[in-house]
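Visitor: Pasting the sequence and the predicted coordinates here, then a few questions.
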Amino acid sequence: CEMVFQSIKALYSWMLNICDPSKDDYGLEQVPQTTNAWSAMIRGERLMRSINCEHLTQENIASLMRALSTITKYNQDIKESKERFAGGIFVTCEKLLHPIKFLLSNGEHSARDYRITFTKTIEGERPVSTQRAKSSLDRLPNEQMVKIDFRALNPALAFRELTGRRGARSVVLTSGTLSPLSSFASELGVEFPISMEAEHCVDMDRQVWGRVVAMGPTGKPLKADYKSRGNHEFQDELAASLKEWATVTPHGMLIFFPSYSMMDTITRRWKETGAWKAIESQTGKTIFQEPGKMTTYGKKPPTLDDVLKKYYTAVRQSVAAAKHPYAPAPPSARSRGAIFLAVCRGKVSEGIDFADANARAVICVGIPYPNTKDPLVLQKRSYNDEGRSRGLLSGARWYDQQAFRALNQAVGRCLRHRFDHGAIMLVDERFNRQHISSLPKWLQPAMSKPKSHFGEQMESLRQFFACHAENPPGEDEPASKVNSVE
């Protein structure tokens, strides 16, 4: 117990010192454009030296972790609850020591691959907890909160456990979103002597309609970058485009935005101008939105499951009203489908299956680049630039790849089996030949077609869905089953 107590206390004192603005040992600075936040980033090499000074080394960290595990189990076995310590104390200790264990595991060789960021914010007055009132430890003022981020900036640190001397003899990676393969291998620090990008299992000419959409129905450009997200002309043109797409697309549609902030800004405009209601009334499709991280005070936020159930119900009603699942519901139907607004890198874009009528179209608005001001993004870009001599991607190229990995996850939501079909649209005039080359191999031909006017694209899209409505698959094919949208 004494060993664990002294080690945690030493770490605690060291962290308090970092968060003290009167001491500039670690460069605690005010976060730009804020009045209540300060942060400090410490490189792994310096972090390791500081930890060693607190008597935590590669040799004794394992013993410390074992001791903590023994104490935790002993505490859990105490029958009288009044005599037990709160379990959260041990969880916090474990969360603190685990990343330090990884940092120390490979010594100075891998220390350069780690960063730790301290962010201190002033949250206003908060009630004083009983534990704090009884504590004799030195503490920050009650209104100050500190967030600690341990970051390993090199994915190879984890992957080498699989491929190292004691790892597996063979490692096979399979996914539909590994492309481009060269950059993926660079990040993992491993050469893959055998690699393959297969064609999609669907008939790309018959089952997939893909286009880059550079302008809307009135000829105004569609450019969803950071500067344009608040542009009313762009927001209104996107609403007009969506109304046209939803008119000819049967049943379910997915629309992905680069960020929650852009999605919220655009949907706020649509509701203020009446565009939201106009889309719903003229297309017969109900619009749903992925719940964000922030909610209105006093209101219980809807869960993603709750919103998805309503979306699936609207799609199911549309399919039931149609002549068959490949045909659109008639104008008189109670529901002609639904539109789900979501965000790249969110749960909807990466972890949920939208087969068949649940997603007859996937529309990606903009290029989902990570937030350039995110401290982790800044650290990773700088880290990669420093590691160019070790074969790492440049920071700029890594940044581009993050956008297209997120995009590649989203575009595959509407093709979930070999009988499925759907439309894929990339909405942004910035998409060029270089961008297209970062898409999955199977999608590149469709997106490489010459850009055309909105009216021409709409006519082609209308013919695509009309063809499937007039030529439905046989009864043995799963896409023809109404219950496929359960």
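Guide: It's in. Numbers count the residues shown, from 1 in each chain.
Visitor: only C-alpha atoms for contact and neighbour calcs from this point on.
Guide: Will do.
Visitor: Ile42 in helix, strand or coil?
Guide: On the three-state scheme (DSSP: H, G, I helix; E, B strand; the rest coil), Ile42 is labelled strand.
Visitor: How far off centre is the strand or helix carrying Leu254?
Guide: Remark: Leu254 resides in strand 251-257, with elements defined by DSSP states H and E. Relative to the chain's own centre, strand 251-257 is displaced by 17 Å; criterion: C-alpha atoms, centre = their mean, to the nearest Å.
Visitor: helix, strand or coil for Ala328?
Guide: One correction, residue 328 is Pro, not Ala. Going by three-state DSSP: Pro328 is coil.
Visitor: Now for the nearest residue to it once chain neighbours are set aside, how many residues are close by?
Guide: Distance criterion C-alpha to C-alpha, 6 or more residues apart in numbering; nearest residue to Pro328, sequence neighbours excluded, is Pro250 at 4.6 Å. Residues near Pro250, counting by other C-alpha atoms under 10 Å, number 32.
Visitor: For the strand holding Leu254, give me every contacting residue.
Guide: With C-alpha atoms under 8 Å, 6 or more residues apart in numbering as the contact definition, strand 251-257 has outside contacts at 246, 263, 285, 315, 318-319, 328-329, 336-344, 349, 357-366, 368, 410.
Visitor: Mind doing that once more with 6 Å?
Guide: Strand 251-257 has contacts (C-alpha atoms under 6 Å, 6 or more residues apart in numbering) with 263, 315, 318, 336-344, 357-365.
Visitor: Please identify the pairing partners of it and their relative orientation?
Guide: strand 337-343 (parallel), strand 361-365 (parallel) (DSSP bridges).
Visitor: Enumerate the positions of the next helix or strand after that strand that are buried.
Guide: Later in the chain than strand 251-257, the nearest helix or strand by DSSP H and E is helix 260-273. For helix 260-273, the neighbour count (16 or more other C-alpha atoms under 10 Å) marks 260, 262-263, 266-267, 269-270 as buried.
Visitor: and which of those is nearest to Arg430?
Guide: Met262 (17.0 Å; C-alpha to C-alpha).
Visitor: tally of neighbours for the closest residue to the closest one other than its chain neighbours?
Guide: Nearest residue to Met262 in three dimensions, chain neighbours excluded: Arg229, at 6.0 Å (C-alpha to C-alpha, 6+ apart). Using other C-alpha under 10 Å, the number of residues around Arg229 comes to 18.
Visitor: Kindly report the same for Lys23.
Guide: 11.
Visitor: Relative to Leu16, how far out is it?
Guide: Between Lys23 and Leu16 the computed distance is 10 Å (C-alpha to C-alpha, to the nearest Å).
Visitor: A helix includes Ala320, no?
Guide: Yes - under three-state DSSP, Ala320 sits within a helix.
Visitor: Next one, pLDDT for it please.
Guide: For Ala320, the pLDDT comes out at 94.
Visitor: Strands of the stretch 51-200 of the chain, start to end?
Guide: 114-122, 144-152 (DSSP state E, counting those that start in this stretch).
Visitor: Distance to Leu443 and mean neighbour count added to the ones you listed, as JSON lines?
Guide: Shown next, in JSON lines, are these (distance: least, C-alpha to C-alpha, whole Å; neighbours: other C-alpha atoms under 10 Å):
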{"stretch": "strand 114-122", "distance to Leu443": "36", "mean neighbour count": "19"}
{"stretch": "strand 144-152", "distance to Leu443": "33", "mean neighbour count": "16"}
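Visitor: Serialize the ones you listed to JSON lines and add fields for distance to Asp385 and mean pLDDT.
Guide: Shown next, in JSON lines, are the strands of the stretch 51-200 of the chain (distance: least, C-alpha to C-alpha, whole Å; pLDDT from 0 to 100):
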{"stretch": "strand 114-122", "distance to Asp385": "15", "mean pLDDT": "86"}
{"stretch": "strand 144-152", "distance to Asp385": "16", "mean pLDDT": "85"}
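Visitor: Quick check on the residue nearest to Met262: phi, psi?
Guide: phi -60, psi -30 (degrees, to the nearest 10).
Visitor: give the contact list for the residue nearest the centre of the chain.
Guide: Most central in the chain under C-alpha atoms, centre = their mean is Arg345, positioned 2.2 Å from the mean C-alpha point. Applying C-alpha under 6 Å, 6+ apart to Arg345 gives the contacts Ala406.
Visitor: looking at the chain, which helix or strand is least sure?
Guide: helix 130-134 (a mean of 65; mean pLDDT, DSSP states H and E).
Visitor: Do I have it right that Gln144 meets Gly124?
Guide: No - applying C-alpha atoms under 6 Å as the test, Gln144 and Gly124 come out as separate, 7.7 Å apart.
Visitor: rewinding a little: may I have the secondary structure class of the residue nearest to the centre of the chain?
Guide: Quick answer, by three-state DSSP: Arg345 is coil.
Visitor: Check it and give its pLDDT.
Guide: 88.
Visitor: Backbone dihedrals for Gln235, please?
Guide: Dihedral angles (degrees, to the nearest 10) for Gln235: phi -60, psi -40.
Visitor: Next, the contact list for it, please.
Guide: Counting by C-alpha under 6 Å, 6+ apart, Gln235 has contacts Ile266.
Visitor: if you set the cut-off to 10 Å instead, what comes out?
Guide: Applying C-alpha atoms under 10 Å, 6 or more residues apart in numbering to Gln235 gives the contacts 222-224, 228-229, 241, 265-270, 275.
Visitor: Among the residues you listed, find me the one that's closest to Glu94.
Guide: For the contacts of Gln235, the nearest to Glu94 is Thr265 (40.1 Å; C-alpha to C-alpha).
Visitor: quick one: contacts for that closest one?
Guide: Contacts of Thr265 (C-alpha under 10 Å, 6+ apart): 229-231, 235.
Visitor: switch to 7 Å and redo it
Guide: Counting by C-alpha atoms under 7 Å, 6 or more residues apart in numbering, Thr265 touches Gly230.
Visitor: For it, give me the pLDDT.
Guide: 94.
Visitor: before we move on, what about Lys300?
Guide: Looking at Lys300, the pLDDT reads 68.
Visitor: Residue most distant from the centroid, this protein?
Guide: Farthest-from-centroid check, the chain (C-alpha atoms, centre = their mean): Glu80, 43.8 Å.
Visitor: Would you reformat the strands paired with strand 251-257 as a markdown table and include mean neighbour count and distance to Met204?
Guide: Below are the strands paired with strand 251-257 laid out as a markdown table (neighbours: other C-alpha atoms under 10 Å; distance: least, C-alpha to C-alpha, whole Å):
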| stretch | mean neighbour count | distance to Met204 |
| --- | --- | --- |
| strand 337-343 | 26 | 24 |
| strand 361-365 | 26 | 15 |
